[in-house]
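S.K.: A structural model of the following input is requested.
(chains A and B)
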Number of protein chains: 2
Amino acid sequence: VTDFTRTKSLFQLPENLVYLDGNSLGPLPRAAVASVSEMMRDEWGDMLIAGWNNAGWIDQPARLGDRIGTLIGAPSGTVMVGDTLSIKVYQALASALEINAERKIILSDTGNFPSDLYMAEGLIKSLDKGYRLKLCEPEAVADCLTEDIAVLLLTEVDYRTGRLHHMKTLTEKAHEKGILTIWDLAHSAGALPVNVSAAEADFAVGCTYKYLNSGPGGPAFIYLAPRLANKARPALPGWLGHAQPFAFDPEYRPAPGIERMRVGTPPIIQLAALEASLDIWDLVDMNDVRTKSSELSDLFIELVEAGCPDLKLASPRDSRQRGSQVSFHFEHGYAAMRALIDRGVVGDFRAPDVMRFGFTPLYIDAEDVNKAASIIAEVMTKRLWDNAEYLVQSPVT
Amino acid sequence: VTDFTRTKSLFQLPENLVYLDGNSLGPLPRAAVASVSEMMRDEWGDMLIAGWNNAGWIDQPARLGDRIGTLIGAPSGTVMVGDTLSIKVYQALASALEINAERKIILSDTGNFPSDLYMAEGLIKSLDKGYRLKLCEPEAVADCLTEDIAVLLLTEVDYRTGRLHHMKTLTEKAHEKGILTIWDLAHSAGALPVNVSAAEADFAVGCTYKYLNSGPGGPAFIYLAPRLANKARPALPGWLGHAQPFAFDPEYRPAPGIERMRVGTPPIIQLAALEASLDIWDLVDMNDVRTKSSELSDLFIELVEAGCPDLKLASPRDSRQRGSQVSFHFEHGYAAMRALIDRGVVGDFRAPDVMRFGFTPLYIDAEDVNKAASIIAEVMTKRLWDNAEYLVQSPVT
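M.R.: As a prediction, the model looks like this:
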């Protein structure tokens, strides 16, 4: 059984703060500071260029990819770390459209994160061949799967509501119609058990700075099903995805398998932080995370609904139907969230009216949930949000 | 006048090592370790998600872009930091091809870094509209500029030989034929005075981990001429390049100017290291760097040619015609470089037979050059490279 008291002790968490925003940026694993300093001094500083071989930097994106793979049901050699999630979405989409070359539609849902849709729009515009992006309501995805669709691009857990798609069922239905699938695991990896192999997902992508706690701007990852590994042409063919990067061959030849999804030089300092954060995951059973996060979020819903009649649940009530977050609609959600943050309860706001709270058992416990709920009740009943200062939006929320 | 003794003291340099490979990976600025630790503890650790606003993370790619701009003659608001150089090459190429939509040829030279060519090939393959990549010899570029060429993609300083293109002249000639220009400054930024404005370059891209000393995997940058800023469609339209990222608009609308070249979440830990490394550049006049690097590299050529008749100069003899590196051809260059590295002289090898040495006055002085040259002479005259261990190639050089 996972010892969550122990995992909590491994994070730097400001006192008097209940941090319910690990779904946006995970907190600092204490060990990461020393890991990064040591990497900088002992590897970059002392080894200099030799660090690529002697410190293993060159293989680190694959090595850390394998460690992330254990959290998402991906076998060794099928996950690569690097770039940002948007870039990885683009690579997956471009590859999928080429493999399913006869079809012209990318299907996604209206709950998908806008950046995923932007990358689809950008690719479609560049290709300029009559491709189009079709969006359906999240609940209607299964009914929208028709044989003219090339690829289904979905985020498993809705960033606003936390609504969870059923990856295995939708993938199966998609495959029945010859549709390839790309699963964005931004709000899944580290939040709940994921098994891309069992679901037979074709591609999966995700980020590491949310539930995986790699720090601001931590790199993304991409999974490529082994059956597609040598079929998928990397649309962004950087030299580190070349079969022989150091031959400096003027012609691109993709490396075998997932290595081809590498692009340029990997961010070794960020990777040192990611490595430290993944060490914590070695202590954790994802099923325990799921059980605990369901308990915490159920408790939170119960307490908030009891204390704050103005907040309307935006997330599925059944914890099996949602990820690891709980959202509420409230007209003055932006101001209310600012009032909460000033009182030590950190969630975030997502336009137009969603107040979002993430439950991350690695460092959030029932005491935190009780404390947060009572502060929320105070803010709501006393209308502490109704304050000119809180009503003006700042650029990032 | 720049005090290079002072700048040298600001780097961690292993004792008994002459590091002539700053053109591949710059050394560690001592202050970067504390900067990164402080950013991790005081910003990520204490501010958590609020760091995006309160620590200014969200604007850091533009702020550091402006600081790099001062080193390459780019006005404020025209340079953006992020991603890798390959990604920035792709963005520039895709934008240029769209602006010059009637033309189908990308012109580059055989001396360009392969990854730039791979990105061009990858884009051409994706577009699948009869585009092609034409390569000419570096010396013949001016003669290859014809009116069917959409874009000229060149690296100003050849990564193998150090041969320097004349940016202003070639850009002028290109513009006369209606050709857009993309200048890769990987081996220029921080190596010699560059002025993208005076040269009227259309796009420029570069990396920060070489002469700018930002550490392994430090981010890239992109410059976009103000006259094109609102014409260039970002082919990789990530949410942070959106006019209003936090509106979570399902439709992409590019931000004005250079902001549109942002893609996903910037690597904040790497940026903290970059910021510390740029502080050193505030103490430096690039003209002094150029004068000193020419002196050092002239001295190196003189000493090596005197002591090592088997090494044939691969770089232009006239320092005005080369960047900040000196290369020699030698059939057993790989083995010879390994022998040198074992004896504390670090350069690097570039296939098929190039031994490359970079001269970076911020931390390399005449004493280093003398020491390096005498060790090279010893390795060559005693054939210390002729050793089975040195003759097998490792993956990264």
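
S.K.: out of everything not next to it in sequence, what's closest to the closest residue to chain B within the stretch 201-350 of chain A?
M.R.: Nearest to chain B, among the residues of the stretch 201-350 of chain A, is A:Gly264, at 2.8 Å (C-beta to the nearest C-beta). C-beta: built from backbone N, CA, C; applies to glycine. Distance criterion C-beta to C-beta, 6 or more residues apart in numbering or on different chains; nearest residue to A:Gly264, sequence neighbours excluded, is B:Thr84 at 2.8 Å.

S.K.: which residues does that neighbour contact?
M.R.: With contact taken as C-beta atoms under 8 Å, 6 or more residues apart in numbering or on different chains, B:Thr84 is in contact with A:83, A:238, A:263-265, B:207, B:219-220.

S.K.: Pull out the buried residues from these.
M.R.: Among these, those buried by neighbour count (16 or more other C-beta atoms under 10 Å in any protein chain shown) are A:83, A:238, A:263-265, B:207, B:219-220.

S.K.: How much space separates the residue of the stretch 201-350 of chain A closest to chain B from A:Pro250?
M.R.: In this view, A:Gly264 and A:Pro250 are 17 Å apart by C-beta to C-beta, to the nearest Å.

S.K.: Looking at the buried ones among the contacts of B:Thr84, which is nearest A:Asn387?
M.R.: B:Pro219 (38.8 Å; C-beta to C-beta).

S.K.: need the contact list for that closest one.
M.R.: B:Pro219 sits next to A:267, B:61, B:81-84, B:208, B:266-267, B:270-271, B:274 when contact means C-beta under 8 Å, 6+ apart.

S.K.: Residue numbers of the stretch 51-200 of chain A in contact with chain B?
M.R.: Taking C-beta under 8 Å from any C-beta of the partner chain as the criterion, the stretch 51-200 of chain A approaches chain B at residues A:51-53, A:57-58, A:83-87, A:90, A:94, A:110, A:113-115, A:117-119, A:121-122, A:125-129, A:135.

S.K.: Weed out the non-buried ones from those.
M.R.: A:51-52, A:57-58, A:83-87, A:90, A:94, A:113-115, A:117-119, A:121-122, A:126-127, A:135.

S.K.: In the stretch 1-150 of chain A, where is pLDDT below threshold?
M.R.: Residues of the stretch 1-150 of chain A meeting the criterion pLDDT under 70: none.

S.K.: Just give the number of residues close to the residue nearest to A:Arg317 when sequence neighbours are not counted.
M.R.: In space, and not counting its chain neighbours, A:Arg317 is closest to A:Ile301: 7.1 Å by C-beta to C-beta, 6+ apart. Other residues within reach of A:Ile301, judged by other C-beta atoms under 10 Å in any protein chain shown, total 20.

S.K.: Give the buried residues for the host helix or strand of A:Ile301.
M.R.: For A:Ile301, the enclosing helix or strand under DSSP states H and E is helix A:286-307. Buried residues in helix A:286-307, defined by neighbour count with 16+ other C-beta under 10 Å: A:286, A:289-290, A:292-294, A:296-301, A:303-304, A:307.

S.K.: Restrict it to CA atoms and write it as CSV.
M.R.: Output of helix A:286-307 as CSV, limited to C-alpha atoms (Å, rounded to 0.1, in the frame of the first residue of the first chain):
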residue,chain,number,x,y,z
MET,A,286,-1.4,4.0,-9.3
ASN,A,287,-4.4,2.1,-8.1
ASP,A,288,-3.9,3.5,-4.6
VAL,A,289,-3.7,7.0,-6.2
ARG,A,290,-7.0,6.4,-7.9
THR,A,291,-8.7,5.1,-4.8
LYS,A,292,-7.4,8.0,-2.7
SER,A,293,-8.1,10.7,-5.2
SER,A,294,-11.7,9.4,-5.6
GLU,A,295,-12.2,9.5,-1.8
LEU,A,296,-10.7,13.0,-1.5
SER,A,297,-12.7,14.4,-4.4
ASP,A,298,-16.0,12.8,-3.2
LEU,A,299,-15.4,14.3,0.2
PHE,A,300,-14.7,17.7,-1.4
ILE,A,301,-17.9,17.6,-3.4
GLU,A,302,-19.9,16.6,-0.4
LEU,A,303,-18.5,19.4,1.8
VAL,A,304,-18.7,22.1,-0.9
GLU,A,305,-22.2,21.3,-1.9
ALA,A,306,-23.2,21.3,1.8
GLY,A,307,-21.6,24.7,2.4
